[in-house]
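**Student:** how would this look folded up:
(2 chains)
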Amino acid sequence: MRSPPIPEMATQEVQLSETLAHLKTESDTLKGKLEEERAKLHDVELHQVAEKVEGLGQFVMKTRRTLKGHGNKVLCMDWCKDKRRIVSSSQDGKVIVWDAFTTNKEHAVTMPCTWVMACAYAPSGCAVACGGLDNKCSVYPLSLDKNENLAAKKKSVAMHTNYLSACSFTNSDMQILTSSGDGTCALWDVESGQLLQSFHGHAADVLCLDLAPSETGNTFVSGGCDKKANVWDMRSGQCIQSFETHESDINNSSEADREVAIYSKESIIFGVSSVDFSLSGRLLFGGYNDYTINVWDVLKGTRVSILFGHENRVSTLRVSPDGTAFCTGSWDHTLRTWA
Amino acid sequence: MTIRNTLRDHGQRYRPRIACLKKAEKVLLEMQDPKTGVKSQPQRLVITTIPHAITGEDILSWLADRFQIDTQEARNFGSMLVALGYIYPLQDHKRLVIKPDASLYRFQTPYFWPTQQWPVEDTDYAIYLAKRNIRKKGILELHEQEQYNRLHKWMNHKWDFIVMQAKEQYRAAKERKKPDRVVFDCQERAYWVVHRPPPGTVSAMDYGLDRRIDPNADEEKTPDFYGRIMIFTQQSIMRPRVKSSVSIGALVKYCATYNGHDPFLSKCLPSNPWITDDITYWNLNMPNVEIPTKMRVERWTFSFGELLSDPRGRDDFRLFLKKEFSGENLAFWEGCEDLKWGTAATMREKAEQIYKSFLARGAPRWINIDGKTMEITVNGLKHPHRYVLDAAQTHIYMLMKKDSFGRYLKSPVFKDTLKKAVCPEEHKYSDAQLEQNAKNRRPSLSPIVLRQQEKEHRAKMAANAPVDITQLCRYTTPVPHLAVYSGISDFPSANASPSLPFLAHSPACPSPISVALDSTSASERRAEAGEGGAAGIPEARAPAAGSVSRSCMPLSLRRLLKRGCTPSTMFASLSPKYHSAAGTSSRIQPISPDQPSQAPPRRIGNFFQIKVDIPPECRIYPIESEDEDEEENRAASRGGVGAKEIICPWESLTPQNGTG
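**Tutor:** Sure thing, here's the model as predicted:
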């Protein structure tokens, strides 16, 4: 039983709730206006346009290589620009560089932390970046000397206040883009470790990011636990666009300009952990938490194929730089290349 | 209470959203519908009858029918439902899969369904194990025994409570009728197999790491919250939009254009290396291959961006521009890219160099941009940052795209390349041959080795005397900067000064230079970090550094040349003060040790090379208003090459700056 509130406090409370109600109506009106504006230009649906497009044939995609060697869940992987090498990281702190074509392991680094959730290959192919629960993103220059301890040459680049969820090099070896559980993304200079730009706007953990292949190459998209996918301008740090239609966390993002279709099938109830487009953008590959990979026809919105093979959640999926194959990493400790 | 594991605690407390649960529940309800669901009947199991038992094959056929999927997918889906704990097996209860035969399953009672809200507590598990222990000693399996001991240790302080609860539950259970008890025991056992799986099994409850934000909590509604939403919505309203038909049309067109190039949709010629284990396709498409494939050349025609992003395409375009004498546009664009994506330490120098080579009045490779853009750029250069040349770069890019690109596609250079391009035959391997190929997989050269080779090749080219314009365009870009667009970069060791990769590697490098330059780069870095306050290069340090190093310069250069270091690559990253000395030595001939000071003061000896074969009269000079300060400069430049140093807007006219 509350004691009667002091008159001033009561008025303040009332004022606050009035203000809130007022703000809410105002914000709802604005949202309505936005919907109106959008509806004006919404003259056609994707599936209508896609009716005229030829359908896709049958696909025969199989596992072409299985990479075994991680001792625990594989959390992330990235391709090298030479189209055959990959780097992968796992829960036990190991980061391994493979020649996926021959399945040989070429380099291995042991991180001082577990749950290495992010790893990236440098464009030159001579370094890798990784990070996770240590809140940092470190760059390791690769060396051919087998006896050399890669960890000795490590360069700590990014520092966040929470776990590192994703990282990516920009067009060169000199800059890294990171996203973190502290809700921010940041752009860093590798050489000096200097923070070049930070991106604030997510209300919760940011789980993924992807760079936009535009002519000016200045934007990237990030997705997070607040169910939003934000598009950012790297120069100004501003959020230039935001998408909010997912029902749950956005685990992975792949650059496209606006949301035009939702890919769903009733028999698929499990979350997607990672997605990537094929070279032409016609196929969308999704790695799911029910251990399968679903392949979608982007234009028609239909599922063209389902691939089995992994024995646990598919945690990461990337198409190779020349589009000849895609690689998946899974909690079953293996990576598979499919073509 | 859940015992927290030994992960570093960063305030992560919440389990991630398990969105599949709601959807799974819907499916379950459908399955249990008496009319349209899976048919069930009582089954005898040992001595008791289990009501509402269903067989594996019935479940699978129902799923296949309901969702229109094939058996394999139905098996996967069904097994996930079992893994989550919505259905449990009566036989072989530890394997959570659906077997496509007459094996028996039951629907789990909603009481034991997994929930988003409440994670399964260790306390409950302890009670469960204790209860089983009470019922019959020694019934616990090995892993359960281990768990029991562990919990006993960690929960010692509430063990009395746990034992008391266990006894209560055991007593209450005894009061139930036998069939009910059997069923309940089955259900409870199934529940714990799901939530405390035996070691070595895959658990669907495994979700990885906790999250920092509670996904179930709604964001607090404060005025601030609404304020943010409103600002965002207003911005969204004002954003320019295109019609859906336009944007979707573009998407469809893109897919259609690249369809033939997508290895998943069209045949990869000669064959996809992953499928046939034959890497000819990769060999034919190396970044700097002499003769490209027809598909590759076709791709260049799709957009200007495609042409530029392919190193071979860019080379071809560069060749074309050289013939048109407009190579400076591309060189400028490349310089801007280098600036944007390069390391922060050398940024200021690069900006200066680009200005001097391309933008300043009377610059050797002057580019043609409109007055307004020039004004913005020059103003921006007073406080240079990595995007300072963006406006100019975009202007030049558009110029090339709208003008040069079109002409390139009609040019003899392109036509020639297209004619010479190869179109390989498709491989037709028999199964035996494929097996052979698989055995013959060979490793490829590591990117590290390739980069080393590239470096050496460049060093050789730069060291060779004859000045060849084409070579200069391609090879005089110093190592740290080439990385940007061809993906090859020099990664200096952590200890080296960032702008001097070679110095780091040659042990006998003269210390005066490293010291001087270290101080330069360090103070530059400080200036960068200082942010905003820096109004150009602080004059204080420049002369000091200059005087120290200039005297030591010739000595060190000689030493370096002896070791075969590439002066061009090293000196290019020095500050502009040192450039004239460097420029002379790197390109024309090695400096003779006896007369270093007599090297003719070249204006800009940097990586954007002077066109030495174009007579001064042919150069295009910007038209501008008469300006007292520039009078001198222009007079000098009209006089020919090498008369006077270009003055940057931020440099003041101190005597030291005039020479250098």
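**Student:** Check chain A for the residue nearest chain B and tell me.
**Tutor:** A:Gly125 (2.7 Å; Cβ to the nearest Cβ). To be clear about C-beta, it is placed using only N, CA and C from the backbone, and glycine gets the same treatment.
**Student:** That residue: how many residues sit nearby?
**Tutor:** Look at A:Gly125: counted by other Cβ atoms under 10 Å in any protein chain shown, it has 23 neighbours.
**Student:** same deal with B:Arg211?
**Tutor:** 24.
**Student:** From A:Ser180, how far out is it?
**Tutor:** 12 Å (Cβ to Cβ, to the nearest Å).
**Student:** what does the stretch 51-200 of chain B put close to chain A?
**Tutor:** B:Leu63, B:Phe67, B:Gln68, B:Ile69, B:Gln72, B:Glu73, B:Asn76, B:Phe77, B:Met80 (Cβ under 8 Å from any Cβ of the partner chain).
**Student:** May I see those arranged in TSV, with neighbour count as well?
**Tutor:** Converted to TSV, these look like this (neighbours: other Cβ atoms under 10 Å in any protein chain shown):
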residue	neighbour count
B:Leu63	24
B:Phe67	15
B:Gln68	11
B:Ile69	20
B:Gln72	14
B:Glu73	22
B:Asn76	21
B:Phe77	25
B:Met80	23
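**Student:** Can you mark which positions in the helix or strand encompassing B:Glu30 are buried?
**Tutor:** Using DSSP states H and E, B:Glu30 maps to helix B:20-31. Residues of helix B:20-31 classed as buried by neighbour count (16 or more other Cβ atoms under 10 Å in any protein chain shown): B:Cys20, B:Leu21, B:Ala24, B:Glu25, B:Val27, B:Leu28, B:Met31.
**Student:** With stretch B:445-459 instead?
**Tutor:** Buried-residue list, stretch B:445-459, by 16+ other Cβ under 10 Å: B:Ser446, B:Pro447, B:Ile448, B:Leu450, B:Arg451, B:Gln452, B:Glu454, B:Lys455, B:Arg458, B:Ala459.
**Student:** and what of stretch A:95-112?
**Tutor:** Result for stretch A:95-112 [16+ other Cβ under 10 Å]: buried residues A:Val95, A:Ile96, A:Val97, A:Trp98, A:Asp99, A:Ala100, A:Phe101, A:Glu106, A:His107, A:Val109, A:Met111.
**Student:** cool, stretch B:101-121 as well?
**Tutor:** B:Ser103, B:Leu104, B:Tyr105, B:Arg106, B:Phe107, B:Gln108, B:Phe112, B:Trp113, B:Pro114, B:Val120.
**Student:** Touching, the second one and B:Tyr88? I think so.
**Tutor:** Think B:Leu104. No. Applying Cβ atoms under 8 Å as the test, B:Leu104 and B:Tyr88 come out as separate, 9.9 Å apart.
**Student:** and the gap between B:Glu334 and chain A?
**Tutor:** 12 Å (Cβ to the nearest Cβ, to the nearest Å).
**Student:** To which secondary structure element type does that residue belong?
**Tutor:** helix (DSSP: H, G, I helix; E, B strand; the rest coil).
**Student:** coming back round to it: any idea which of the residues of the stretch 51-200 of chain B next to chain A is closest to chain A?
**Tutor:** Using Cβ to the nearest Cβ, these come closest to chain A at B:Phe67, 3.7 Å.
**Student:** What separation is there between the closest one and B:Ile98?
**Tutor:** 14 Å.
**Student:** and if you look at A:Arg336?
**Tutor:** Separation of A:Arg336 from B:Ile98 (Cβ to Cβ): 24 Å.
**Student:** where does the stretch 151-300 of chain A dip in pLDDT?
**Tutor:** Residue ranges of the stretch 151-300 of chain A with pLDDT under 70: A:213-217, A:244-267.
**Student:** hmm, try it at 90
**Tutor:** Applying pLDDT under 90 to the stretch 151-300 of chain A flags the ranges A:151-155, A:158, A:171-172, A:181, A:183, A:191, A:201-277, A:281, A:288-290, A:298-300.
**Student:** Let me see the ranges of the strands in it.
**Tutor:** A:155-159, A:164-169, A:175-180, A:184-189, A:195-200, A:206-211, A:219-224, A:229-233, A:239-243, A:272-277, A:283-288, A:293-297 (DSSP state E, counting those that start in this stretch).
**Student:** which helices and strands sit right next to the third one?
**Tutor:** Going back to what we said before, that points to strand A:175-180. strand A:136-141, strand A:155-159, strand A:164-169, strand A:184-189, strand A:206-211, strand A:219-224 (3 or more Cβ pairs under 8 Å, 6 or more residues apart in numbering or on different chains; DSSP states H and E).
**Student:** With distance to B:Lys131 and mean neighbour count as added columns, please give those strands in CSV.
**Tutor:** As requested, these are exported to CSV (distance: least, Cβ to Cβ, whole Å; neighbours: other Cβ atoms under 10 Å in any protein chain shown):
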stretch, distance to B:Lys131, mean neighbour count
strand A:136-141, 46, 24
strand A:155-159, 49, 19
strand A:164-169, 41, 26
strand A:184-189, 48, 23
strand A:206-211, 40, 24
strand A:219-224, 42, 24
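**Student:** before we move on, the earlier item: which one of the strands of the stretch 151-300 of chain A lies closest to A:Glu45?
**Tutor:** Across the strands of the stretch 151-300 of chain A, A:Glu45 has its closest neighbour in strand A:293-297 (15.1 Å, Cβ to Cβ).
**Student:** Show residues contacting the closest one.
**Tutor:** Outside strand A:293-297, the residues that touch it by Cβ atoms under 8 Å, 6 or more residues apart in numbering or on different chains are A:55-56, A:59, A:61, A:263, A:265, A:268, A:282-288, A:302-307, A:309-310, A:314, A:317, A:328, A:338.
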